[in-house]
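Q: Mind folding the following:
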Amino acid sequence: MPKEATFVRRAATSLPDSWGKLADRGSAPLQPSRSAIIARVVVKRKAAYEANLAAEGYRFYAQEASEFAGASAVAVAEAWSD
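A: From the prediction side, this is the model:
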């Protein structure tokens with residue numbers, strides 16, 4: 001099975017010295033590289049952003065559905081009373 005092509009964008013970053021040291025400790029021999037550690041953080045941040053965006057959307061549509069239910073309650077009650 002052929003491996004999918006992976007495109008990589010190189011980016012020079014400036015980190016506070018303490019963050020760089022933290023990344024270096026995590027990239028000891030036989031462990032992921034500094035780049036891999038930073039990439040994981042970016043991926044986790046993206047997932048958190050998307051989850052937050054989805055939750056915001058669900059809250060919006062729940063509010064909209066609640067308002068519609070309230071506005072149509074009288075019509076529904078009339079239809080069911082027949």
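Q: Any idea how many residues pack against Arg40?
A: Neighbour count for Arg40, taken as other Cβ atoms under 10 Å: 12. For the C-beta atoms, the positions are set from N, CA and C on the backbone; glycine is no exception.
Q: Can you read off the backbone torsions of Ala12?
A: For Ala12, the backbone dihedrals (degrees, to the nearest 10) come out as phi -80, psi 130.
Q: Then Val8?
A: Backbone torsions for Val8, taken as degrees, to the nearest 10, come to phi -120, psi 130.
Q: Tell me how far it lies from Glu67.
A: 47 Å (Cβ to Cβ, to the nearest Å).
Q: And these two? Which one has more around it.
A: More neighbours surround Glu67 than the other of Val8 and Glu67, with 10 against 7 (other Cβ under 10 Å).
Q: packing partners for the helix or strand harbouring that one?
A: Using DSSP states H and E, Glu67 falls within helix 34-81. Under the contact criterion of 3 or more Cβ pairs under 8 Å, 6 or more residues apart in numbering; DSSP states H and E, helix 34-81 touches helix 17-26.
Q: ok, and for the helix or strand bottoming out on mean pLDDT in the chain, which residues are buried?
A: In the chain, no helix or strand scores lower on mean pLDDT, DSSP states H and E than helix 17-26, which sits at a mean of 79. For helix 17-26, the neighbour count (16 or more other Cβ atoms under 10 Å) marks Ala23 as buried.
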